[in-house]
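Participant: dropping the sequence and predicted coords here.
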Amino acid sequence: MLEKSRRDERGELAEPSVVQSPRARLFGGLPNALLGAAYYLVLAPAIWFVRFPAGVVAICLAVAFAAATSALLAYSLLFVTRRPCPYCWTAHAVNWSLAVLVGWLFKMNILSLVHKF
């Protein structure tokens, strides 16, 4: 999708696309695909910071924000742009899965800490 956004910027898209929608650039005029790629690249090594409470909070907030943004964009795909975008739905599914998994993992860790005391 990032490459498609770049092709749109250069005027090289022959067909209409969701990347041409104002919702394709929600934050600061940057393509959502660019922010998503950066998010995944930062989230992967961030797991090393779960030893620190601030790291856990930062990861939870980032994952929750990504899941909420995906919900907004999914609504847009369904009811505003009404265009198919399998790449978008794949990213939304990944974001929602990460939110569920991170919530479950941190819940399990907190419960195990409570049981130790």
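Facilitator: Yep, it's here.
Participant: contacts for stretch 9-22, please.
Facilitator: 1, 4-5, 7-8, 24, 31, 33, 76-77, 80-81, 83, 85, 88 (Cβ atoms under 8 Å, 6 or more residues apart in numbering). C-beta coordinates here come from the backbone N, C-alpha and C atoms, glycine included.
Participant: if any of the residues you listed are buried, put those into a PyMOL selection.
Facilitator: The PyMOL selection below is limited to those of the contacts of stretch 9-22 classed as buried (16 or more other Cβ atoms under 10 Å):
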select buried, resi 1+4+5+24+31+33+76+77+81+85+88
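Participant: pull the most distant pair out of the contacts of stretch 9-22.
Facilitator: R7 and V80 (22.3 Å; Cβ to Cβ).
Participant: buried residues of stretch 21-37, list them for me.
Facilitator: In terms of neighbour count (16+ other Cβ under 10 Å), stretch 21-37 has its buried residues at S21, A24, R25, P31, N32, A33, L35, G36.
Participant: what does the pLDDT read for the third one?
Facilitator: Think R25. Listed pLDDT for R25 reads 92.
Participant: give me the phi and psi for it.
Facilitator: phi -140, psi 70 (degrees, to the nearest 10).
Participant: for the first one, same thing?
Facilitator: Main-chain dihedrals, S21, degrees, to the nearest 10: phi -80, psi 150.
Participant: so how far is E12 from it?
Facilitator: Separation of S21 from E12 (Cβ to Cβ, to the nearest Å): 17 Å.
Participant: what's the answer for the third one, then?
Facilitator: Spatial separation of R25 from E12 under the definition Cβ to Cβ is 17 Å.
Participant: the residue lying closest to A37 once chain neighbours are set aside: neighbour count?
Facilitator: Spatially, and ignoring its direct neighbours in sequence, A37 is nearest to L2 (6.1 Å; Cβ to Cβ, 6 or more residues apart in numbering). Number of residues near L2 (other Cβ atoms under 10 Å) recorded here: 15.
Participant: turn the buried residues of stretch 21-37 into TSV, including secondary structure.
Facilitator: Below are these laid out as TSV (DSSP: H, G, I helix; E, B strand; the rest coil):
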residue	secondary structure
S21	coil
A24	helix
R25	coil
P31	coil
N32	helix
A33	helix
L35	helix
G36	helix
